[in-house]
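> Quick one, what's the 3D model for this:
(chains A and B)
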Amino acid sequence: MTDDPFNALLSDVLTPPVRLPDRTFVARAQAAIAEAERFRRWRRRALRQIGSEALVLTGLAGAAITLAQIPAIGEVLSGAPLAVPAAAGILLLAWLALGQPRGARALV
Amino acid sequence: MHDEEPALLQRAARGDQAAFAALVARHEARLRHFLARIVGPADADDLAQEAFVKAWIALPRYRADASFGAWLTGFGWRAALDHIRRAKRTQARDQQWHGEADQSVHGPGSAHVELERALAALSEQERAALVLTHGHGWSHGEAAQILGLPLGTLKSLAARAKAKARAAIEPATEEFAA
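Residues are numbered from 1 along each chain as shown, chains lettered A, B, ... in the order given. Coordinates of the predicted model:
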């Protein structure tokens, strides 16, 4: 037996057919790529936003701790035990009011 | 046909999705055929799409030391391996498809049908080595790069796959009998 007929058979069975591009598949792949690109952009924006908001919150917390250590302010705070939770609440509300619309835009 | 490819690759690497769509159009037939041979036609299109998306994301890291076709087929191969690991049932479906599809074209007992059966009985790696080197015309070096294997391993894999396929069809067909 020579190898030639077997090689020819292998080639016949395994060679991809020559045809025009499948436009439906190309469109599907293009849509999947556009979707992947949108997701990448959203993730990048979301990570950047989380990072910047974490920085802002750290800054605010640091400032609050520093202020609380000033003796005069410390005396006022010890005289009004609800002042700290109230200030934290106001900060949180301000953050939600200002930060949420920006976050919602980032998710679109 | 592929003379425009470097320009398309450059544009696509800069984020031009239309240029990448042109690359998809050039390579989809070959990649889908390869994947259909490995996992069966039912899953080949999804895996090909996955490979194109991964190639798009990785495109800025593409270096022209391998042809784009080989680089892309590597993504397809890895997607197929992940798929096979996730669902071993694929092989049974693949074998079933080979049996059904090709009997309808060539009739039972023909050399084509026997070869399809023999190919279905090979491991995915053996089948991939055979398809790439004997069907798609990749050199052994390129096929080794696609499958992520050392050149020597690829060569022995392809030779073993070919020997197995020939041994499997010899008793069934007169044409290939010794």
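
> Around chain B, which positions in chain A sit nearby?
Within chain A, the positions near chain B by C-beta under 8 Å from any C-beta of the partner chain are A:1, A:5-7, A:9-19, A:21-23, A:25-26, A:28-30, A:32-34, A:36-37, A:40. For glycine as for every other residue, the C-beta is placed from the backbone atoms N, C-alpha and C.

> Residue B:130 and residue B:85: what is the separation?
Going from residue B:130 to residue B:85 by C-beta to C-beta, to the nearest Å gives 21 Å.

> Now the residue in chain A positioned nearest to chain B: closest residue in space, sequence neighbours ignored.
Taking C-beta to the nearest C-beta, chain B has its nearest neighbour within chain A at residue A:14, 2.6 Å off. Nearest non-adjacent residue to residue A:14, counting by C-beta to C-beta, 6 or more residues apart in numbering or on different chains: residue B:135, 2.6 Å away.

> what's around that neighbour, how many residues?
Around residue B:135 there are 19 other residues, counting by other C-beta atoms under 10 Å in any protein chain shown.

> With the one 10 residues further on instead?
The burial count assigned to residue B:145 is 20, neighbours taken as other C-beta under 10 Å.

> One more: residue A:96?
Using other C-beta under 10 Å: residue A:96 sits among 11 other residues.

> Same check on residue A:84?
Neighbour number of residue A:84 under other C-beta under 10 Å is 12.

> Please state the backbone phi and psi of it?
Phi and psi for residue A:84, reported as degrees, to the nearest 10, are phi -70, psi -50.

> Give me the more crowded residue out of residue B:130 and residue B:85.
With neighbours defined as other C-beta under 10 Å, residue B:130 and residue B:85 compare such that residue B:130 has more, 25 against 9.

> tell me the contacts of the nearest residue to the more buried one once chain neighbours are set aside?
Using C-beta to C-beta, 6+ apart and skipping residues adjacent in sequence, the residue nearest residue B:130 is residue B:161, 4.3 Å away. Residue B:161 is in contact with B:122, B:126-127, B:129-130, counting by C-beta atoms under 8 Å, 6 or more residues apart in numbering or on different chains.
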